[in-house]
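[1] any chance you could fold what I've pasted below:
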Amino acid sequence: MPSSYSSGLSLELMVTGEKSGLWGDITNTNLKLVQQGLVGYTGVTLNATTGATLAVSDGSLSNGRNHNISMGGTLTSSVNVTIPDGMATKVVSNATSGAYAVTFKTAAGTGTTWSTTDKGHKILYSDGNNIVDVLAACSQINLPNQNEVRFEDTTGNQYVGLRAPGTVSSSLTFDLPSSDGAKSGCYLQTDASKGLSFSSFIPASTGKSIAMAMVFG
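    Purely as a prediction, here's the structure:
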């Protein structure tokens, strides 16, 4: 029986009695293919109107096997980047120029799309037929043990973090405002139903305190 190839990474699977004297070379090639699938990086320049087709060739290095892929090029229309159906998990970034959508998909199935303004990264995997965005598929993100979300400055040395109190009596979710405040100096307020909005209204009690301070200040 001749060698066959694995799904996903297309490694050469040798059988007993085959490839006499070649096992060392083929094994080394397989290790390189595994390395490419785990930590490999490639930049792919997309055609302006047709995108690109990535390959995962049996038993040889190929661009579609890389774990990290950066898509570049200047687009003049929305395009597809097509990869074989049995894709392994990948980190893919959209570094294209032009306000056009990019869809990363399998040959036979559906894919995940970067919108016209999305130039970010996505963690993708194949469910056997279609490409799924890991984070888009999550209904929520849980950070345990009072861990925080950090927003770094441009240097990456400092950040602003948000986290929950040490103890919460019951779970709650706040809904962010859908628009900015009407003018500078607005503050966030709640509606007692976990809805947040911007307001410049000064409550009556606060207004009286300010007025008293002005009179007796």
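
[2] how about low-confidence regions in this protein?
    Along the chain, the model assigns pLDDT under 70 to residues 1, 201-217.

[3] domain parsing for it?
    4-137, 149-216 (automatic domain parsing).

[4] and those: which comes nearest residue 143?
    Evaluated over these, closeness to residue 143 peaks at domain 149-216, with 7.0 Å, by Cβ to Cβ. For every residue, glycine as well, the C-beta is placed using N, CA and C.

[5] so which residues make contact with the lengthiest helix in the chain?
    When the chain is parsed with DSSP state H, its longest helix is helix 23-39. Helix 23-39 has contacts (Cβ atoms under 8 Å, 6 or more residues apart in numbering) with 3, 8-12, 14, 19, 59-61, 65-68, 88.

[6] what are the buried residues along it?
    Buried positions in helix 23-39, judged by neighbour count with 16 or more other Cβ atoms under 10 Å: 26, 29-30, 33, 36-37.

[7] try stretch 105-118
    Buried residues in stretch 105-118, counted by 16+ other Cβ under 10 Å: 105-106, 111-114.

[8] save those residues as CSV, and put in secondary structure and distance to residue 137 too.
    Formatted as CSV, those follow (DSSP: H, G, I helix; E, B strand; the rest coil; distance: Cβ to Cβ, whole Å):
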residue, secondary structure, distance to residue 137
105, strand, 16
106, strand, 16
111, strand, 13
112, strand, 10
113, strand, 14
114, strand, 16
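
[9] could you pick out the buried ones from the contacts of helix 23-39?
    Buried among the contacts of helix 23-39 by 16+ other Cβ under 10 Å: 8-12, 14, 59, 65-67, 88.

[10] let's have the residues you listed in CSV, adding secondary structure.
    Below are the buried ones among the contacts of helix 23-39 laid out as CSV (DSSP: H, G, I helix; E, B strand; the rest coil):
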residue, secondary structure
8, coil
9, coil
10, coil
11, coil
12, strand
14, coil
59, coil
65, helix
66, coil
67, coil
88, coil
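
[11] for residue 184, state which of these is nearest.
    residue 67 (46.3 Å).

[12] can you tell me how far that closest one is from residue 28?
    To residue 28, residue 67 is 19 Å away according to Cβ to Cβ, to the nearest Å.

[13] which parts of this protein are helices?
    Counting by DSSP H, the helices of the chain are 23-39, 134-137, 204-216.
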